[in-house]
Each structure stands twice: as C-alpha cells, then as structure tokens.
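J.: sequence and computational prediction follow.
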Amino acid sequence: MNSSLMLRRCFCFQSSTSSSCSSSLSVCSKKKPLVFLGSPQVSATVLDALLCASSAPDSSFEVAAIVTQPPSRRNRGGKVMPSPLAEYALDRGFSSDLIFTPERAGEDMFLSNLKALDPELCITAAYGNILPSKFLNIPPSGTVNIHPSLLPLYRGAAPVQRALQDGVKETGVSLAFTVRALDAGPVIACERLEVDDQIKAPDLLELLFSEARAKAQPQDDSKATLAPKLSPEESWLSFDEEALVLHNKVRAFAGWPGTRAKIVVIDKKNDHRNIVELKIITTRVCGHRNIQGNEVDDITFVEGALVFPCGGSTTLEVLELQLPGKKVYSAAAFWNGLRGQKLKKL
C-alpha cells in the first residue's frame, strides 16, 4: 500500500472531497491556529483534510500557516519549482505569505515568524526536516507527527517502503507527539490498515486539542524497528535470493529508486556476450518451472513473462522492464527484440 492511500484513509472526513469543502482561509478569532508541515504530494492529502475540517462551522481550529521544503529543481527540465505541498496550497488559494520555506527549521527568522502566529498545535506529515527543541517548545499543545506505520514499528524515513519490502500484511498510521528522538514520542492514536481494507478512521483532530495528552501512551522501545531511508545502492536485485523477497523489493522501491538487474545477452551465432542493465518495473511470483534443456542460469520467456530462476528453487516473472534511456517495455516486446539471442543471469 502506498503512503498516500493510508493517510487518505486516516483522515477520511464526512466532507470527503475537496470540491465540497470551502477554501475560505479567513481568520476567526474563536479558532485555534494550527501550523502544518509537509513537503511531498502525500502531504497534500493531509492538508486537504485539514482545510476541509477547518472550514466546518463547528471546527475549533484553522490552518494558520504551512511550512515546507524550499523550492528545488525537479523534472528533466531542471526548472526550480515549489514543493508539491506548496503547489497544492497555492492552488487552494492559500496565501503565499503564509507558506514558509526555511532551509532548516531552527533558523532564527523562521522561528520568529512562527512565534508571531502563536500556533496552538503543529502537525507534520513527511516534512523531511529535523525539528529542534526551540521549535518544539513553541506550540502549547505540542507537535504531532502523522507517521505511516504502527509505532514503534518502522520508525524512520521509509516506513511504507520497508513494510512492503518485508512483505508484512498489516500496517497502519500513527499519530504521535514529536520528540527529539526519532519517531519515539507518545502515541495518541493509530489505525490498522491492510492493503485492501475500506476502514474509515474516526476524526482525530478535535482529540488533538482536548484529550491528546491524557490519552497518549509511551512507546515500548524494546519493540521498535527501524525504517531507514532508501538508497540507490540498494536498488540492485540479487537472484540468489528467493523470488518473493525480490518481488517485495520491486514493489517497495517502485517509486524511487526503482530496482535494477544486470543480465547477459548472448548471440548464438558467435557466442558474443553483452552485459545489459535493466530496470525492473513489474513482477510476480510463480511456481518453479523446470523447463527441459535449460541451464540453471537461463532466463526464459513463458506466457508473456521473462522467467528468472532465483534462490530456493523459486522463479520470478518479470512483466515490464526498461533499458537505460528507453521507454518501459512489456516482457513480450523485449523478448521479440532479442531476435533469437539468449539471456542468462549475471
């Protein structure tokens, strides 16, 4: 499951779509100011829910400001663009003067501006910046992080990806107070989620302003597991591992950095061997295929898939792949382009 879906389920309000929500951002003295921190597209899902909820007549809070990463170069053109969250906020009519983009959350000017807003509460969702103590000391009701795992499991930068990589069948979203230690603060509430469930979580926002401190429970550090940030060096597939392990890795690394493998293309006429790097896009796990006459390292084509022999007498079917600088190919299109050449694992 991707993190966007989990967060959307965690914040599934009765006013469920942004089109039905008022985008009014007018200041109301009766409402408590809230500051939201995030950066990628998944953060926009949470902001949408916050804006929808804050527009309700009986809401006790308003989104007073947004904090996000500074503009950066994105896409192939290298154009400097605001973060996906900032783009979404501007599209919703949020004032650019209330979108802060500090390089670091401990900058004096930024903290001065934050104090001037007098926020009652800060909420973070994939912000991507360390929050120092002098930031955490500003909001009286604290800073709450929306973390896509069942804490204390999968603390760290890549909880969704690491859960997929481990092949777990259940994960979730936790609301926890932010402390200096990584994702280690008291948990206010959590929602268990499976890949195909349709459970709607209760509205937790009012809880944050009323009973959050009393209901928050300390985490059991002895049960904590880590979800470190993904790295390009991890993207290589080793076919000595079992097929299910590799399949889970392909799913987990699908967005970034992807998964890669090197294979040998052999010309049957002159036995010329060429090493080719592939990006593996889509896979599935199948039963072991014992095809007569094949060597243990042969990559075959069966029923629309490239079949890679893997560890433990398992096989991985590759359905889509990509050559460097090329478009994504189906396995059938790639196989036909070989014109009879043979494939082997490297």
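T.: Here it is on my side, so go on.
J.: for the rest of this, base every contact and every neighbour count on C-alpha atoms.
T.: Will do.
J.: any idea what the closest residue to residue 54 other than its chain neighbours is bridged to?
T.: Setting aside the residues directly before and after it, residue 54 is nearest to residue 62 in space (C-alpha to C-alpha, 6 or more residues apart in numbering), at 5.2 Å. Note on residue 62: beta-bridge partners by DSSP bridges are residue 33.
J.: surely residue 331 meets residue 302?
T.: No - counting by C-alpha atoms under 8 Å, residue 331 does not reach residue 302; the two are 9.7 Å apart.
J.: compare the two and say which is more crowded by neighbours.
T.: Each of residue 331 and residue 302 has its neighbours counted (other C-alpha atoms under 10 Å); residue 331 has more, 23 against 13.
J.: quick one: residues contacting the more buried one.
T.: 304-306, 318-321 (C-alpha atoms under 8 Å, 6 or more residues apart in numbering).
J.: export the biggest helix by length in the chain as PDB, just CAs?
T.: Secondary structure of the chain per DSSP state H: the longest helix is helix 41-54. Output of helix 41-54 as PDB, limited to C-alpha atoms (Å, rounded to 0.1, in the frame of the first residue of the first chain):
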ATOM      1  CA  GLN A  41       2.400  15.000  -2.700                       C
ATOM      2  CA  VAL A  42       1.300  12.700   0.100                       C
ATOM      3  CA  SER A  43       1.300  15.700   2.500                       C
ATOM      4  CA  ALA A  44      -1.200  17.400   0.300                       C
ATOM      5  CA  THR A  45      -3.700  14.700   1.100                       C
ATOM      6  CA  VAL A  46      -3.400  15.600   4.800                       C
ATOM      7  CA  LEU A  47      -3.600  19.300   4.100                       C
ATOM      8  CA  ASP A  48      -6.700  18.800   2.100                       C
ATOM      9  CA  ALA A  49      -8.300  17.000   5.000                       C
ATOM     10  CA  LEU A  50      -7.200  19.700   7.400                       C
ATOM     11  CA  LEU A  51      -8.600  22.500   5.200                       C
ATOM     12  CA  CYS A  52     -11.900  20.700   4.800                       C
ATOM     13  CA  ALA A  53     -12.200  20.100   8.500                       C
ATOM     14  CA  SER A  54     -11.300  23.600   9.500                       C
END
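J.: show me what it is packed up against.
T.: In terms of contacts (3 or more C-alpha pairs under 8 Å, 6 or more residues apart in numbering; DSSP states H and E), helix 41-54 is packed against helix 3-10, strand 61-67, helix 84-91.
J.: lowest-confidence stretch among those?
T.: When the helices and strands packed on helix 41-54 are compared on mean pLDDT, helix 3-10 scores lowest, with a mean of 46.
J.: where does this structure dip in pLDDT?
T.: 1-29, 75-77, 194-211, 287-295 (pLDDT under 70).
J.: and it, what are its domains?
T.: Structural domains assigned to the chain are 3-223, 232-345, following automatic domain parsing.
J.: check which helices and strands the longest strand along the chain is in contact with.
T.: Counting by DSSP state E, the longest strand found in the chain is strand 273-286. Counting by 3+ C-alpha pairs under 8 Å, 6+ apart, the packing neighbours recorded for strand 273-286 are helix 243-252, strand 259-266, strand 314-322.
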